[in-house]
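Participant: return a 3D structure for these sequence lines:
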Amino acid sequence: METAHLYQSLTFLAYATGIIVILVGGMLVKVLFDLSKLTKNVNETAEIVKEELTPTLKNINKSVEIVSGIIIKADEGVNKVKDFIRKTPLNILCKLSSITGSVAKGFSTGLSTAFKFFAKKK
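Facilitator: Model prediction:
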């Protein structure tokens, strides 16, 4: 009797294991099928991005070249203006402001020293 129960339990265990193996195999096939679809979608997306990105990068490259040219021309213009100012009397006026500033500072310092000197005499 115990052997019959043992055989019956082992038979049930074998059937249950078979069913579980079949279910796990089916789920594994579904996962692999979904993974295959996902891989195809990612590949298509990468191709679309590549096709769209190439012209965009070319446009950005052209824009950078144009802006770079404008910056170079503006820098040359600024250098020309600086050279022109150095060669004209305007340069003397620029230096004159620093000279008058130092003269005015010296004058105000001298004036305040004189006031202090006369204030001490009293």
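Participant: in the protein, where is pLDDT below threshold?
Facilitator: Applying pLDDT under 70 to the chain flags residues 1, 89-103, 120-122.
Participant: swap the cut-off to 80 and go again
Facilitator: 1, 84-122 (pLDDT under 80).
Participant: which helices and strands does the longest helix seen in it pack with?
Facilitator: If you go by DSSP state H, the chain has its longest helix at helix 2-87. Under the contact definition 3 or more C-beta pairs under 8 Å, 6 or more residues apart in numbering; DSSP states H and E, helix 2-87 sits against no other helix or strand. Just so you know, the C-beta spots here come from the backbone N, C-alpha and C atoms, and that holds for glycine as well.
Participant: and it, how far from the chain's centre?
Facilitator: In terms of C-alpha atoms, centre = their mean, to the nearest Å, the centre of helix 2-87 is found 20 Å from the chain centre.
Participant: please apply the same query to stretch 73-92.
Facilitator: 36 Å.
Participant: list the buried ones in that stretch?
Facilitator: Across stretch 73-92, burial judged by 16 or more other C-beta atoms under 10 Å covers no residue at all.
Participant: pull the CA coordinates from it and hand them back as PDB.
Facilitator: Only the C-alpha atoms of stretch 73-92 are listed here, as PDB (Å, rounded to 0.1, in the frame of the first residue of the first chain):
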ATOM      1  CA  LYS A  73      35.400  89.600 -39.100                       C
ATOM      2  CA  ALA A  74      34.200  91.400 -36.000                       C
ATOM      3  CA  ASP A  75      37.500  90.800 -34.300                       C
ATOM      4  CA  GLU A  76      39.400  92.200 -37.300                       C
ATOM      5  CA  GLY A  77      37.100  95.300 -37.200                       C
ATOM      6  CA  VAL A  78      37.700  95.800 -33.500                       C
ATOM      7  CA  ASN A  79      41.500  95.500 -34.100                       C
ATOM      8  CA  LYS A  80      41.200  98.100 -36.900                       C
ATOM      9  CA  VAL A  81      39.400 100.500 -34.700                       C
ATOM     10  CA  LYS A  82      41.900 100.100 -31.900                       C
ATOM     11  CA  ASP A  83      44.800 100.700 -34.400                       C
ATOM     12  CA  PHE A  84      43.000 103.800 -35.700                       C
ATOM     13  CA  ILE A  85      42.500 105.200 -32.200                       C
ATOM     14  CA  ARG A  86      46.200 104.600 -31.400                       C
ATOM     15  CA  LYS A  87      47.200 106.600 -34.500                       C
ATOM     16  CA  THR A  88      44.900 109.500 -34.000                       C
ATOM     17  CA  PRO A  89      44.800 112.300 -31.400                       C
ATOM     18  CA  LEU A  90      42.000 110.500 -29.600                       C
ATOM     19  CA  ASN A  91      44.700 108.400 -28.000                       C
ATOM     20  CA  ILE A  92      46.100 111.600 -26.400                       C
END
